[in-house]
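>>> okay, predicted coordinates and the sequence, questions at the end:
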Amino acid sequence: MSRITDCSIQDALRSRGFSIVELMVALTIGLILVAGLMTLVVGNIQGYGELSKSGYQVDNARFSNQLLRDEISNAGYYGDLSFVSGFTSLPAAPCSTTLSNVDARYMIPLQGVNEYSSSNSVLACKTGLSIKAGTDMLLVRRAASTAIALTARDASKLYLASSTDAAKILANDTDASAVGFLSSPRFQTVRAYQEKIFFVSTCNVCSGDDADTIPTLKVIELKAAGWEGPMALVEGIEEFELEYGLDSDEDGAVNSFVSLPSSAASTSRAIARSLPSGPAWRLSASVCW
């Protein structure tokens, strides 16, 4: 009959492994450590995502500010023509594509809408723009900085022929009203004429399977065949507000601010300050004529 010694009992105890309780405790500790590590990783990923979004917003705000600054700075530029405002009222039909109406309004460099609504939509020159209610709109009129030969005109565009004391909007070579005007050697170069309307749309892509609800700064532009666009410029622009600083004594300094000039005369003496804003951004651009 064999005898079980103390040593053999101790060896058996050492070789039996972990108990269920010990395994459960070890697994619980391991899960807690893994959960803490995952929380740290997810937090870092979320923080990076928020940082990326903030950087995206800053870039969009900076770009929209510079874009509008450039457009406003060039408003009212008509080549050699000296700017003289003889208008007492703003154009009644700023959306008209009739050449005579365009020719009659080009000397008003800026025209705006304060807080767009269905009853305040004078610059809604196309249907389907999805303009965001309560935001402002801005129409900028100007000529291109580069002059081209009269014979190099593009039939799809409008052009401005100008000298120091006269100017005329041209459509194409068949424009009978411009024949006598262009016979002068002063008008053998022309500049592309631009009318652009800037506004905030409630969407970037407004129809189809990819439709979204991202507020977007957009623009439509007047061409020879009519208003073209809209073209998306900057996503994430939720508000667009304008203030016009009026230089009533023409000394180059602002005398008062208004949300919208009431006449063409006051518009021609404006220092326009545009204020596009995203969720947390408010920027400004200014120019004086």
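That came through, no problem.

>>> how about the helices in this structure?
With helices called from DSSP state H, the chain shows them at 6-14, 20-74, 99-105, 179-182, 264-268.

>>> in JSON lines: the ones you listed, plus distance to residue 141, mean neighbour count and mean pLDDT.
C-beta coordinates here come from the backbone N, C-alpha and C atoms, glycine included. Converted to JSON lines, the helices of the chain look like this (distance: least, Cβ to Cβ, whole Å; neighbours: other Cβ atoms under 10 Å; pLDDT from 0 to 100):
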{"stretch": "helix 6-14", "distance to residue 141": "94", "mean neighbour count": "9", "mean pLDDT": "59"}
{"stretch": "helix 20-74", "distance to residue 141": "10", "mean neighbour count": "13", "mean pLDDT": "82"}
{"stretch": "helix 99-105", "distance to residue 141": "7", "mean neighbour count": "17", "mean pLDDT": "88"}
{"stretch": "helix 179-182", "distance to residue 141": "19", "mean neighbour count": "12", "mean pLDDT": "62"}
{"stretch": "helix 264-268", "distance to residue 141": "11", "mean neighbour count": "20", "mean pLDDT": "57"}
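
>>> partners of residue 218 in the sheet?
According to DSSP bridges, the residues that bridge with residue 218 are residue 199, residue 232.

>>> confidence score at it?
pLDDT recorded at residue 218 is 95.

>>> ok, residue 164 - contacts?
80, 81, 82 (Cβ atoms under 8 Å, 6 or more residues apart in numbering).

>>> now a PyMOL select for only the buried ones of these.
Listed next is the PyMOL selection for buried residues among the contacts of residue 164, using 16 or more other Cβ atoms under 10 Å:
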select buried, resi 81
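
>>> adding distance to residue 92 and pLDDT, write the contacts of residue 164 out as a markdown table.
Formatted as a markdown table, these follow (distance: Cβ to Cβ, whole Å; pLDDT from 0 to 100):
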| residue | distance to residue 92 | pLDDT |
| --- | --- | --- |
| 80 | 29 | 82 |
| 81 | 23 | 82 |
| 82 | 25 | 72 |
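
>>> show me which of the contacts of residue 164 is closest to residue 112.
Among the contacts of residue 164, residue 81 lies closest to residue 112 (Cβ to Cβ), at 22.8 Å.

>>> which strand residues bridge the residue lying closest to the closest one once chain neighbours are set aside?
In space, residue 81 comes closest to residue 162 once its chain neighbours are excluded; the distance is 4.1 Å by Cβ to Cβ, 6 or more residues apart in numbering. When assigned by DSSP bridges, residue 162 has beta-bridge partners residue 167.

>>> pretty sure residue 162 sits against residue 80.
Yes. In this structure, residue 162 is within contact of residue 80 by Cβ atoms under 8 Å, at 5.5 Å.

>>> what is the closest residue to residue 124 other than its chain neighbours paired to in the beta sheet?
Leaving aside its sequence neighbours, residue 124 sits nearest to residue 131 (Cβ to Cβ, 6+ apart; 6.2 Å). Residue 131 has the following beta-bridge partners by DSSP bridges: residue 201.

>>> re earlier: the contacts of residue 164 into TSV, with extra columns for distance to residue 105?
Supplementary listing: the contacts of residue 164 in TSV, determined by distance: Cβ to Cβ, whole Å:
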residue	distance to residue 105
80	20
81	15
82	18
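
>>> go through the contacts of residue 164 and say which is closest to residue 64.
Nearest member of the contacts of residue 164 to residue 64, counting by Cβ to Cβ, is residue 81, at 29.6 Å.

>>> OK, contacts around the closest one?
With contacts defined as Cβ under 8 Å, 6+ apart, residue 81 is in contact with 162, 163, 164, 165, 166, 167.
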